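> model the structure of this input:
(chains A and B)
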Amino acid sequence: GEDVEQSLFLSVREGDSSVINCTYTDSSSTYLYWYKQEPGAGLQLLTYIFSNMDMKQDQRLTVLLNKKDKHLSLRIADTQTGDSAIYFCAEYPRGSARQLTFGSGTQLTVLP
Amino acid sequence: DTGVSQDPRHKITKRGQNVTFRCDPISEHNRLYWYRQTLGQGPEFLTYFQNEAQLEKSRLLSDRFSAERPKGSFSTLEIQRTEQGDSAMYLCASSLGTVGGDSPLHFGNGTRLTVT
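Here you go, the predicted model:
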């Protein structure tokens, strides 16, 4: 989606933290989501954050939201090889006719 | 399995043929969405249903595409006179009520279409 931007690739070593970044353009976005897609599969919802929050933690996942800069990040602690996948951020703008707008995805590769 | 189910998983067809895909949403979900995903891109919205009513269609949905959800349960997406540019993964998703933190979209595994 042209309104949501992500870097294409990220490589980390197993056990390190991964940080995947996303910028969005619609300041009215109410919810922001992170999805994970493994090869040949659909999208799995990982976590989400409401626009009135700055941070949300869910086990190994931490989402940070900077509304001023329209920047969203997903931090994965203690990254494992099973975390290798494509990660999509998505926004749900206020007033949107019931659709999510996705970024192009970040391919995370976890090296042993 | 109570997730979103799509059939078939893969479809190879010759240009000009018609194809139909099926999606069975999570049973209590009243909203059903179709997205298209091409290689290296995120999913792009095509259309969505609230129960049996089709409430929005993207400009991506040309007149060769038609979607139905006749009884408010499963949905079909038909593509007529397929073109090579239709080759993509077609994803179905469902949700309960309004999209939001407590009603996120749940996706199926998709139907991969290849038009030769």
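> give the buried residues for stretch A:62-72.
Within stretch A:62-72, the residues scored as buried using 16 or more other Cβ atoms under 10 Å in any protein chain shown are A:62-65, A:70, A:72. Every C-beta, even on glycine, is put in place using the N, C-alpha and C of the backbone.
> for chain A, what spans make up the strands?
A:4-6, A:9-13, A:18-24, A:29-37, A:43-50, A:55-58, A:61-66, A:71-76, A:85-93, A:101-102, A:106-111 (DSSP state E).
> CA atoms of the fourth one as CSV?
When you say that, I think you mean strand A:29-37. Extracted in CSV, the C-alpha atoms of strand A:29-37 (Å, rounded to 0.1, in the frame of the first residue of the first chain):
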residue,chain,number,x,y,z
SER,A,29,-5.8,6.0,11.9
THR,A,30,-7.5,4.4,14.8
TYR,A,31,-5.9,1.0,15.0
LEU,A,32,-2.6,-0.2,13.7
TYR,A,33,-1.8,-3.8,13.3
TRP,A,34,1.1,-6.2,12.8
TYR,A,35,0.5,-9.4,10.8
LYS,A,36,2.9,-12.2,10.1
GLN,A,37,3.0,-14.2,6.9
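> near chain B, anything from it?
Yes: interface with chain B: strand A:29-37 contributes A:30-31, A:33, A:35 (Cβ under 8 Å from any Cβ of the partner chain).
> contacts only, for the closest residue in space to A:Asp3 that isn't next to it in sequence.
Excluding its sequence neighbours, the residue lying closest to A:Asp3 (Cβ to Cβ, 6 or more residues apart in numbering or on different chains) is A:Thr25, at 4.6 Å. Taking Cβ atoms under 8 Å, 6 or more residues apart in numbering or on different chains, we find A:Thr25 in contact with A:3-4, A:70.
> and for residue 78, the neighbour number?
No chain in the question, so chain A it is. 11 (other Cβ atoms under 10 Å in any protein chain shown).
> hmm, I had chain B in mind actually
B:Glu78 has 13 nearby residues by other Cβ under 10 Å.
> that one against B:Val19, yeah?
Yes: counting by Cβ atoms under 8 Å, B:Val19 is a contact partner of B:Glu78 at 7.1 Å.
> might you report the residue contacts of the residue in chain A positioned nearest to chain B?
The minimum distance from chain A to chain B, using Cβ to the nearest Cβ, falls at A:Phe102 (3.2 Å). For A:Phe102, the contacting residues are A:1, A:4, A:35, A:88-90, B:42-44, by Cβ under 8 Å, 6+ apart.
> what about 7 Å?
Listed by Cβ atoms under 7 Å, 6 or more residues apart in numbering or on different chains, the contact partners of A:Phe102 are A:1, A:4, A:88, A:90, B:42-43.
> do you know the pLDDT at residue 107?
Defaulting to chain A. Per-residue confidence (pLDDT) for A:Gln107: 97.
> chain B is the one I meant
94.
> also A:Gly1?
For A:Gly1, pLDDT reads 42.
> for chain B, what are the nearby residues on chain A?
When proximity is defined by Cβ under 7 Å from any Cβ of the partner chain, chain A lies next to chain B at A:1, A:31, A:33, A:41-43, A:45, A:48, A:50, A:88, A:92, A:97-100, A:102-105.
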